[in-house]
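Asker: give me the fold of what follows.
(one chain, ligands or ions: 2)
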Amino acid sequence: MKILVTGGLGYIGSHTVLSLLENNFQVVVFDNLVNSSEESLNRVMKLTGKTVTFIEGDIRDASALDKVFEQHDIACVIHFAALKAVGESSNIPLSYYQNNVFGALNLLEVMAKHQVHNFIFSSSATVYGEENEIPYVETMKLGTPSSPYGASKVMVERIMADYAIADPEFRGVSLRYFNPIGAHQSGEIGEDPSGIPNNLLPFLAQVAVGKRDKLNVFGDDYPTKDGSCERDYLHVMDLAEGHVCALNWLNDHSNFNGVEAFNLGTGNGTSVFAIIKAFEQATAIKIPFEVTPRRAGDLPAFWADAHKATTQLNWQATRSLETMMVDTWHWQSKNPNGYL
Ligand code: NAD
Ligand code: WQD
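Answerer: Ligands and ions are numbered 1, 2, ... in the order given. Now for the predicted structure:
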């Protein structure tokens, strides 16, 4: 069964491609390399001993997508390709809507032209916005995220819902990721941010490896147990396996039409201070840090209600916080400069 993975060279995409290959799916990766390197795929192929077709192209280019569907018999699309820096999205919102919304629309149109109905979308916990209470449950209404990035995810979920009503053959799954961290246990593939990392774990790992002096903890006066923000961190390999479960779910539910959303998280919140402690305990490396003012747009705490994925997708995050820390460090120390 051939799966088209857009954005398959990126952080979550590369780990998912590895999981797909391990589960005997054939994979075609489509990526424009805007935030990734082909080296991730070379390593995935080396780790699995399997080959992947790579096509360099942009999801906004309908004729390039057309060729992919003409040349390959695609059963399902897993759509990762997007821009993902929350802060940057406020500076260049049009680029974010172009890539994330227009890109997804273009892809859905080309899929429709080629009669491909199965679509798994990389959504985010950010779609619950600021108004929903924690833990987030899939039955809640879509919220109002504070960034254009978050809004782009809400828009694509809305487009999927409207499209499913108009095309009774459409079979969409929206996977709402919480905070993926860590790397494959080999230390061969992992997260390779360009420039200064925006996210907690990539920044912390660069402090650990000596590339940055200290970690800034964005606020210690939140209404949480220790004053720092709490998030639902999950291992990227658990997340990758969630995509295989979603594919199997689509295959097992041949009568399903419409759109179904699933949270992919652990169901637990962990604070920034607890992350620092867990990393120090797992690696015996001290992390210098300083408390700085809150970062604009950060919510105090959120985590998933993960029951729906457990009961319906037969998926559960199994890797511990310690494993997440060990694997983050393994990747960072083995590849201090990423894929370069
Ligand atoms: P990433 O940047 O590592 O991967 C995205 C990939 O898409 C990159 O390889 C990039 O080159 C490619 N890409 C971007 N725009 C493209 C375009 N127009 N055409 C073709 N390829 C394009 O990001 P990631 O962390 O792996 O995230 C994957 C997906 O998951 C994204 O949709 C992201 O919004 C979503 N997501 C990520 C997180 C997270 O914390 N990393 C959380 C929730 C949701
Ligand atoms: C985690 C916590 C920060 C960096 C983002 C997106 C979300 C999703 C996942 C895509 C927060 C604190 C961070 C640092 C810090 N992405 N922090 N010092 O903001 O929960 O989620 O990535 O969909 O949509 O918003 O993740 O890793 O940036 O932050 O103290 O240098 O770490 O304040 O509490 P976030 P993050």
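Asker: could you use CA atoms for every contact and neighbour count after this?
Answerer: Will do.
Asker: so what's the residue count around the residue nearest to residue 62 when sequence neighbours are not counted?
Answerer: Of all residues not flanking residue 62 in the chain, residue 106 sits nearest, at 6.3 Å (CA to CA, 6 or more residues apart in numbering). By other CA atoms under 10 Å, 17 other residues sit near residue 106.
Asker: could you do the one 10 residues further on as well?
Answerer: One way to gauge burial is a neighbour count; for residue 116, by other CA under 10 Å, it gives 20.
Asker: what about stretch 63-77, start to end distance?
Answerer: 17 Å (CA to CA, to the nearest Å).
Asker: buried residues of that stretch, list them for me.
Answerer: By neighbour count with 16 or more other CA atoms under 10 Å, stretch 63-77 contains the buried residues 64, 65, 66, 68, 69, 74, 75, 76, 77.
Asker: taking these one by one, which sit in helices?
Answerer: 64, 65, 66, 68, 69 (DSSP state H).
Asker: tell me where this protein has strands.
Answerer: 2-6, 26-31, 53-56, 74-79, 118-124, 171-177, 179-181, 215-218, 230-231, 233-235, 258-264, 270-271, 289-292 (DSSP state E).
Asker: which residues does residue 301 form a beta bridge with?
Answerer: Beta bridges link residue 301 to residue 230 when assigned by DSSP bridges.
Asker: that one touches residue 227, doesn't it?
Answerer: No - judged on CA atoms under 8 Å, residue 301 makes no contact with residue 227 at a distance of 10.3 Å.
Asker: identify the residues contacting the closest residue to residue 36 other than its chain neighbours.
Answerer: Nearest non-adjacent residue to residue 36, counting by CA to CA, 6+ apart: residue 10, 5.4 Å away. When contacts are counted by CA atoms under 8 Å, 6 or more residues apart in numbering, residue 10 touches 35, 36, 37, 40, 191.
Asker: restrict the buried residues of stretch 63-77 to those near ligand 1?
Answerer: For ligand 1, no contacts are drawn from the buried residues of stretch 63-77 by CA under 6 Å from any ligand atom.
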